[in-house]
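Asker: With the sequence up front, the predicted model follows.
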Protein chains: 2
Amino acid sequence: MSTPEVRRRPGGRSARVRAAVLDATLELLLAHGLEGLKVAEVADRAGVHETSIYRRWGNRENLLIDALLDASEQLRVPDTGNLRDDLTAYARDLAAFLATPVGHALERTLAVAGDDPDTQRARDRYWTSRSERSCRMVVRAVERGELPDTVDPRLVVEMLVSPVHFRVVLTREPVDDQMPVRLVDALLRGVAAR
Amino acid sequence: MSTPEVRRRPGGRSARVRAAVLDATLELLLAHGLEGLKVAEVADRAGVHETSIYRRWGNRENLLIDALLDASEQLRVPDTGNLRDDLTAYARDLAAFLATPVGHALERTLAVAGDDPDTQRARDRYWTSRSERSCRMVVRAVERGELPDTVDPRLVVEMLVSPVHFRVVLTREPVDDQMPVRLVDALLRGVAAR
């Protein structure tokens, strides 16, 4: 059992170092692009040793994903009290986030990232965190009786966000303002509904 | 008006050259990966001048997309007489295709491809062709009275294929055998159905 002060100081310094490194990563990523990002420059800008970065993050991709995960927390999960509004707002916010330089870099990083164990762990951590947060919209709707309790929250969220990611990463077709509404309508009522 | 013989010969040669170049591109892509593919080597293997390739395809990405588009025609659009079966089979075949080396290369190429006019045109051509072919499943279902005629075929297809692409490109979660069935069920009946 350490004293509060001892507990706070290493935690505080560690958190500050982490924030400085992640901020530096994001700034350099936006300035030089994905390929131009160098761990040595991140270390320089954050005022830490390059070896400390490798010790903590393992590799460049892992660091990148962590920085982008951190940035993606600006993507809020709405809680309007109504499932349709929650899902529509979330799809809209996601499209807007993915259109920003950070969101765009995030998608490209995730799409090209390899399959070595470190990167795989970072990627899994990213999607697990995103999925857990967004599934809350569905869980709350089940609690309110808006959805049957047999529904699979992950399937609902996957069907909601996939078409948005699909356009941003693959077809590059813009997500117009009506798309989230039509998507949520089809998702809730089914396309066979008359 | 040219004679049939004159028409046939340039067309035949042109088609043969095209096929040889696209085959060579695909073989080298699978052998050396996306980054290792060189237009000079493609020209060598296909027995044509490098300049002819640039004249016809404009750039390396365009050539790549064309080769992959050609290969993706092995992805057949089913016609079982029943929408649910068509969509389920198509989602399954798509997942299987994207798991092959060619399918995997296709996704990565499309995900990292830039936004210059040539590449944009090649990408648009690819997705327009894919979309037109797969929309036929939905159009036939409307004609059979399985779907209301107010349905948007492109939205249905987009909602069907996006979760499969999303897993392959972004989350890298495997598409298990049950996923296409659950996806199609949710898409047709809606997730709010009891």
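Answerer: Yep, that arrived.

Asker: could you pull out the helices for chain A?
Answerer: Using DSSP state H, the helices of chain A run over A:4-36, A:39-46, A:50-57, A:60-71, A:83-99, A:101-112, A:117-143, A:153-166, A:179-189.

Asker: Compute the inter-axis angle for the fifth one and helix A:179-189.
Answerer: Right, the one you point to is helix A:83-99. 140 degrees (axes from the mean of the first three to the mean of the last three Cα atoms, to 10 degrees).

Asker: Name the surrounding residues that touch helix A:83-99.
Answerer: Helix A:83-99 has contacts (Cβ atoms under 8 Å, 6 or more residues apart in numbering or on different chains) with A:72, A:74-80, A:103-104, A:106-107, A:134, A:137-138, A:140-141, A:144, A:146-147, A:160-161, A:164-165, A:168, A:175, A:177, A:179-181, A:183-184, A:187-188. The C-beta positions use only the backbone N, C-alpha and C, and glycine is treated the same way.

Asker: Most tightly packed of the helices of chain A?
Answerer: helix A:153-166 (a mean of 22; mean count of other Cβ atoms under 10 Å in any protein chain shown).

Asker: Quick one: name the residues of chain A near chain B.
Answerer: Within chain A, the positions lying close to chain B (Cβ under 8 Å from any Cβ of the partner chain) are A:107-108, A:110-112, A:115, A:120, A:123, A:127, A:146-148, A:151-152, A:155-156, A:158-159, A:161-163, A:165-166, A:169-173, A:182-183, A:186-194.

Asker: Show me the domain layout of chain A.
Answerer: A:4-57, A:70-189 (automatic domain parsing).

Asker: can I assume residue A:62 is in contact with residue A:119?
Answerer: Yes. Using Cβ atoms under 8 Å, residue A:62 makes contact with residue A:119 at a distance of 6.1 Å.

Asker: Where among the domains of chain A is average confidence lowest?
Answerer: Mean pLDDT per stretch puts domain A:4-57 lowest among the domains of chain A, at a mean of 84.

Asker: for residue A:174, what are its contacts?
Answerer: Neighbours of residue A:174 in contact, by Cβ under 8 Å, 6+ apart: residue A:167.

Asker: now swap in residue A:188 and tell me
Answerer: A:83-84, A:87, B:190-192.

Asker: how close does residue A:44 get to chain B?
Answerer: 27 Å (Cβ to the nearest Cβ, to the nearest Å).

Asker: For chain A, which residue gets nearest to chain B?
Answerer: residue A:190 (3.1 Å; Cβ to the nearest Cβ).

Asker: The nearest residue to that residue once chain neighbours are set aside: neighbouring residues, count only.
Answerer: The shortest distance from residue A:190 to any residue other than its chain neighbours is 3.1 Å, reached at residue B:190 (Cβ to Cβ, 6 or more residues apart in numbering or on different chains). Neighbourhood size, residue B:190 [other Cβ atoms under 10 Å in any protein chain shown]: 17.

Asker: give the contact list for the residue positioned nearest the centre of chain A.
Answerer: The centroid of chain A falls nearest to residue A:72 when counting by Cα atoms, centre = their mean (4.3 Å). By Cβ under 8 Å, 6+ apart, residue A:72 lies in contact with A:97, A:102-103, A:106, A:126, A:130.

Asker: Send me stretch A:116-123 as PDB with only the CA atoms.
Answerer: Provided in PDB are the C-alpha atoms of stretch A:116-123 (Å, rounded to 0.1, in the frame of the first residue of the first chain):
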ATOM      1  CA  ASP A 116       1.800  -9.000 -36.100                       C
ATOM      2  CA  PRO A 117       0.700  -9.700 -32.500                       C
ATOM      3  CA  ASP A 118       1.400  -6.200 -31.200                       C
ATOM      4  CA  THR A 119      -0.600  -4.500 -33.900                       C
ATOM      5  CA  GLN A 120      -3.400  -7.100 -33.600                       C
ATOM      6  CA  ARG A 121      -3.700  -6.400 -29.900                       C
ATOM      7  CA  ALA A 122      -3.800  -2.600 -30.500                       C
ATOM      8  CA  ARG A 123      -6.400  -3.000 -33.200                       C
END
